[in-house]
Structures are given as C-alpha cells and as structure tokens.
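Asks: Below are the sequence and a predicted model for it; my questions follow.
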Amino acid sequence: MLASYAVVMRRSALITVPAALVMIVLSTIIGGTQGLVGAVLGAALVAVFFGISALVISWAGRRSPQAAMVAAMVTYLVKILALLVLVAEFAGTSAFNGKLFGLTAIVCIVVWSAAQAITSMRLKVPYVEPDGKR
C-alpha cells in the first residue's frame, strides 16, 4: 500500500468513528435496543466494506496500477451485490430498526468519503511517478 493511501485510510477511519458513535447514541435514544442494534450493524457494515476495499486495492496496487483499478471496480460490484442480498434477506426483520441501520450507514459513508477526499486533497502527493532510470 502506498504510504499516502495508508494515511488517507487511517484519517478517514479516525474521523468516521466519532460520527458512528454519535449515530449509535442517537439511534439508541430514538429506537431503543432495536435502534442500537441497527446502528451498530450499519457502522460495522461500512467499516467492513471500506476495510475490504482498502485491503484488495492495496494488494492489487502492488501488482500494477491497472490491476488496482480493476480490483476497485470488481470490489465495488461485489459489495453492491452483497448489500442487495443482505437488504433482501433482512427486509422484514424485527431484530433491528432498518431505517436507523440505513441512516447510520449513509452518515458513515458520507463522513468517510468526505474525510477521504479532504485528506487526499491536503496531502502533497505527486500524481506522476518520475522514471528513476533516466
């Protein structure tokens, strides 16, 4: 994994944790135990999905930049399909509050993505790799 990408991932995770905790507390207040379970599952889903992306893309990025892009696209497709299956499977459940699950996941995704974008913009990383052979 590129050192700058590791910094971006760490900062994004550290910024997302407080947002997830706020959503968990709010969901518990609003929805009780079902809200708590829904919020924890929503935050965990985001953490697992973004973690899988980071691992797969860093592994593929060591092979080649083209492999990293293909891995990112395939990982995205697999995650969307997995989310579709999970939503269909738990559509009528009463084990957790589905609305608070979705709201927590959306908030965490937006916070993570914004943190990732802002951190990437602030890092001074060259987008062209100089050829060391010349």
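Replies: Great, that's in hand.
Asks: in which helix or strand would I find the most centrally placed residue in the chain?
Replies: Geometric centre of the chain, nearest residue: Phe50, 3.1 Å, by C-alpha atoms, centre = their mean. Element membership for Phe50, per DSSP states H and E: helix 3-63.
Asks: Measure how far that helix is from the centre of its chain, please.
Replies: 5 Å (C-alpha atoms, centre = their mean, to the nearest Å).
Asks: what residues are up against the residue lying closest to Val8 once chain neighbours are set aside?
Replies: Nearest residue to Val8, sequence neighbours excluded (C-beta to C-beta, 6 or more residues apart in numbering): Thr119, at 4.8 Å. Bear in mind the C-beta positions are built from the backbone N, C-alpha and C, glycine included. Contacts were defined as C-beta atoms under 8 Å, 6 or more residues apart in numbering; by that measure Thr119 touches Val7, Val8, Arg11, Ser12.
Asks: redo that, cut-off 10 Å
Replies: Residues near Thr119 by C-beta atoms under 10 Å, 6 or more residues apart in numbering: Ser4, Val7, Val8, Met9, Arg10, Arg11, Ser12, Ile15.
Asks: Could you report the pLDDT at it?
Replies: Note for Thr119: predicted pLDDT of 89.
Asks: and what of Leu2?
Replies: Confidence score, pLDDT, at Leu2: 61.
Asks: go on, Ser113?
Replies: On the pLDDT scale, Ser113 gets 92.
Asks: Mind telling me what element it is part of?
Replies: helix 98-122.
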